[in-house]
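>>> From the sequence below, what's the structure:
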Amino acid sequence: MFSVCVCHTIRIANLSLVTLVHDTILFQQNDAFFFSLPLLRITVAMCGQAPLNTKIVGGQNAAPGSWPWQVSMRYQGSHVCGGSLINNQWILSAAHCFALISGWTMVLGLQTQQGTNPNSVSVSVSSITVNPNYNGNTNDNDLALVQLSSTVSFSDYIQPICLAASGSTFYNGTETWVTGWGNIQSGVSLPSPGTLQEVQVPVVGNGKCNCLYGPGSITDNMLCAGLLAGGKDSCQGDSGGPLVVKQGSVWVQAGIVSFGNGCAEPNYPGVYTRVSQYQSWISSVITSNLPGFVTYFSSGTNSDVTCTATAAVISSMNVLFSSIPLFLFPSLLLIDTLF
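Predicted coordinates for the structure are as follows:
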């Protein structure tokens, strides 16, 4: 019926699975489409929409509402990690953020860490589910799902992000954007009032990234992005936040901030959890009101390389938020040493 599924999936009551493809509703049961209707008067809450995002410039303050899925995850009142809203009750983040699983508050619609934020909402946490295959030594499978204690209402400042579906491709050079309140360089916190930062970075293919970090260190569950010259990267406090791409008018989350060798170091791009590898796991945890999954296809051909030479030994593979108790790291997130 169609060749490329750029779609959103929802459930209506307890009935059939519904998939939106272009302007047609496809009703599905037992893995077979059996009925379709033109999309006329049915309104569906879509993902990946940012009504206030009018321009993208890397390495500077983000305009209010530019990234409405961005979440500030606070432990005992202090920001420690980022996350992304994926429906009205679930947040996607990094497993390594949760050395401690109680004492968390999620803040949505936030612009600055200090001062007044009239569009923000704070919500307590009902549960935290860490991927069961997470390996803190290799950083593989670094993701977790946070269930809010209550649903949130969407606005121009609070919107869910679409997630990259299984089979998505992110070729070397694909432009992405990463956001957060993290350090502006290693050990240097974001200055007051702590405005949300945005930076544009290109994908570095897994083959090239393996050469840089050491063969075997970058798995198929990871995605690298950054300038090989250094200067633009995520940093301490950005952990768990979203790496996103735009397909048409829809924003899609490709990665989750995971780890790196320092921040913005030459030849060490940031490493992200590859979201498209986890569609099945996410769908198994969130059993109702599923997030929107969108298949992202890179254009052109992939210019990645195969690592044949032995790369330099990694001297300090620093996870952006280690298993040391989170209250020891009150700093915020995102780095661009070029501005």
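
>>> wouldn't Asn117 be in contact with Leu110 here?
Yes. If you go by Cβ atoms under 8 Å, Asn117 and Leu110 touch, sitting 5.3 Å apart. In short, each C-beta sits where N, CA and C put it, glycine included.

>>> When these two are compared, which one has more neighbours?
Leu110 (23 against 18; other Cβ atoms under 10 Å).

>>> I'd guessed the more buried one sits against Pro68; true?
No. Counting by Cβ under 8 Å, Pro68 is not a contact partner of Leu110; they are 10.3 Å apart.

>>> which residues are common contacts for the two?
Here Leu110 and Pro68 have no joint contacts, going by Cβ atoms under 8 Å, 6 or more residues apart in numbering.

>>> remind me which residues of the chain are low pLDDT?
Applying pLDDT under 70 to the chain flags the ranges 1-45, 54-59, 185-186, 233, 235, 237, 308-339.

>>> mind redoing it with 50?
Where the chain drops to pLDDT under 50, the residues are 1-45, 55-58, 310-339.

>>> Where do the domain boundaries of it fall?
As given by automatic domain parsing, the domain ranges for the chain are 1-44, 55-336.

>>> Of these, which stretch is the most buried?
Counting by mean count of other Cβ atoms under 10 Å, domain 55-336 has the highest mean neighbour count of the domains of the chain, with a mean of 20.

>>> Might you calculate how far that domain sits from the centre of the chain?
4 Å (Cα atoms, centre = their mean, to the nearest Å).

>>> Renumber starting at 55 from here on
That works, and once the first residue is 55, the last one we named lands at domain 109-390.

>>> and Pro345, backbone torsions?
phi -60, psi 160 (degrees, to the nearest 10).

>>> what's the spacing between it and Met100?
11 Å (Cβ to Cβ, to the nearest Å).

>>> Gln333 should be in a helix, yeah?
Yes. According to DSSP: H, G, I helix; E, B strand; the rest coil, Gln333 belongs to a helix.

>>> mind listing what the closest residue to it other than its chain neighbours touches?
Distance criterion Cβ to Cβ, 6 or more residues apart in numbering; nearest residue to Gln333, sequence neighbours excluded, is Ser220 at 4.5 Å. Each residue near Ser220 by Cβ under 8 Å, 6+ apart is listed here: 330-331, 333-334, 347, 349.

>>> Try it again at 10 Å.
Going by Cβ atoms under 10 Å, 6 or more residues apart in numbering, Ser220 touches 329-334, 347, 349.

>>> so where do the strands sit in the stretch 205-354 of the chain?
Counting by DSSP state E, counting those that start in this stretch, the stretch 205-354 of the chain has strands at residues 216-218, 229-234, 251-258, 276-279, 286-287, 296-301, 304-314, 324-328, 347-348.

>>> got a markdown table for the ones you listed, with distance to Asp194 too?
Listed next are the strands of the stretch 205-354 of the chain as a markdown table, based on distance: least, Cβ to Cβ, whole Å:
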| stretch | distance to Asp194 |
| --- | --- |
| strand 216-218 | 18 |
| strand 229-234 | 20 |
| strand 251-258 | 18 |
| strand 276-279 | 7 |
| strand 286-287 | 20 |
| strand 296-301 | 17 |
| strand 304-314 | 9 |
| strand 324-328 | 9 |
| strand 347-348 | 22 |
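
>>> is it possible to export the contacts of Ser220 to TSV including distance to Val200?
Below are the contacts of Ser220 laid out as TSV (distance: Cβ to Cβ, whole Å):
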residue	distance to Val200
Val329	15
Ser330	20
Gln331	19
Tyr332	15
Gln333	18
Ser334	19
Phe347	19
Thr349	25
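
>>> Nearest residue to the middle of this protein?
By Cα atoms, centre = their mean, the mean C-alpha position of the chain lies nearest to Pro296, the distance being 2.3 Å.

>>> hey, what's that one bridged with?
On the basis of DSSP bridges, Pro296 is bridged to Ile310.

>>> residue contacts, it?
Per Cβ under 10 Å, 6+ apart, neighbours of Pro296: 121, 123-125, 136-140, 146-147, 215, 217, 230-234, 305-311, 326, 329.

>>> and if you look at Ser330?
Going by Cβ under 10 Å, 6+ apart, Ser330 touches 217-224, 275, 277, 306-309, 347-350.

>>> The same query, at a cut-off of 6 Å, please.
Each residue near Ser330 by Cβ atoms under 6 Å, 6 or more residues apart in numbering is listed here: 218, 220, 222.

>>> Hmm, Val359 and Lys262 touching each other?
Yes. Using Cβ atoms under 6 Å, Lys262 is in contact with Val359, at 5.2 Å.

>>> Show the backbone phi and psi for the nearest residue to Pro320 once chain neighbours are set aside.
Leaving aside its sequence neighbours, Pro320 sits nearest to Gly284 (Cβ to Cβ, 6+ apart; 3.8 Å). Main-chain dihedrals, Gly284, degrees, to the nearest 10: phi 80, psi -180.

>>> And Ser204, by the same measure?
Torsion angles, degrees, to the nearest 10, at Ser204: phi -150, psi 160.

>>> gap between Ser181 and Tyr188?
Ser181 is 16 Å from Tyr188, by Cβ to Cβ.

>>> in what helix or strand does Ile182 lie?
Per DSSP states H and E, Ile182 falls inside strand 175-184.
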